[in-house]
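Engineer: this is the structure alone, sequence omitted:
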């Protein structure tokens with residue numbers, strides 16, 4: 001099955017409220033272009049240094065930063081990034097705001113929440129997240145727009161554990177949605193689910209899934 005068929009098959013199975021992000025890390029421009037010809041415009045990259053040359057060739061694509069973002073790399077993507085999924089510290093959020101202010105842009109972001117059992121995953125704890133949203137620092141950030149949450153479940157064959165982790169993030173999302181939030185914060189996007197667990201994520205309330213392998217096949221790099 002080719003890329004076009006895979007995209008069409010996945011999109012046909014998605015509820016109307018779920019957006020597909022094609023994870024294009026390690027994929028060459030030709031394969032991304034093939035996905036674009038199939039109507040896929042949103043692409044997720046893990047590394048800034050890999051995203052930049054692709055964005056130069058394909059500026060019409062919507063580029064999503066889904067990997068861990070270092071503060072010293074923020075300046076390179078702020079001019080064009082469509083959505084940063086992986087904001088995992090107040091320091092990073094402040095840097096995005098600073099760089100966006102210089103070009104008079106408001107950058108959409110998601111706050112990454114640590115829901116997995118693996119220590120290697122990044123993200124805020126639920127308590128840290130509440131402290132940030134209830135704190136005073138966030139009110140000064142006029143050039144970021146927090147649109148929701150992102151989370152990654154533990155990489156495990158245990159579907160009950162995956163479901164439990166997604167369920168916990170959905171619960172936090174719903175609680176925040178009903179609470180009083182700063183004006184630059186809304187809870188519209190819940191980004192969770194990848195090739196191996198996106199069906200569970202959708203059942204648990206995901207509105208945005210990040211799929212690479214199921215579209216492009218197994219990575220060679």
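Structural biologist: In hand now; what should we look at? This one's a predicted model, so the numbers in the text were calculated from it and none came from an experiment.
Engineer: what sits against the residue most central in space within the chain?
Structural biologist: Closest to where the C-alpha atoms of the chain average out (CA atoms, centre = their mean) is residue 85, at 3.1 Å. Residues near residue 85 by CB atoms under 8 Å, 6 or more residues apart in numbering: 44, 64-66, 109-110, 112, 150, 191, 210. Every C-beta, even on glycine, is put in place using the N, C-alpha and C of the backbone.
Engineer: same question, residue 167
Structural biologist: Counting by CB under 8 Å, 6+ apart, residue 167 makes contact with residue 204.
Engineer: buried set for stretch 103-114?
Structural biologist: 107-114 (16 or more other CB atoms under 10 Å).
Engineer: correction: the previous question concerned stretch 3-10.
Structural biologist: Result for stretch 3-10 [16+ other CB under 10 Å]: buried residues 3, 6-7, 10.
Engineer: and for stretch 194-209?
Structural biologist: Using 16+ other CB under 10 Å as the test for burial, stretch 194-209 gives 194-198, 200-202, 204-209.
Engineer: same question, stretch 154-164
Structural biologist: For stretch 154-164, a neighbour-count test (16+ other CB under 10 Å) marks 162-163 as buried.
Engineer: how close does the spatially closest residue to residue 68 that is not a sequence neighbour get to residue 88?
Structural biologist: Leaving aside its sequence neighbours, residue 68 sits nearest to residue 122 (CB to CB, 6 or more residues apart in numbering; 5.2 Å). Using CB to CB, to the nearest Å, one obtains 4 Å as the distance from residue 122 to residue 88.
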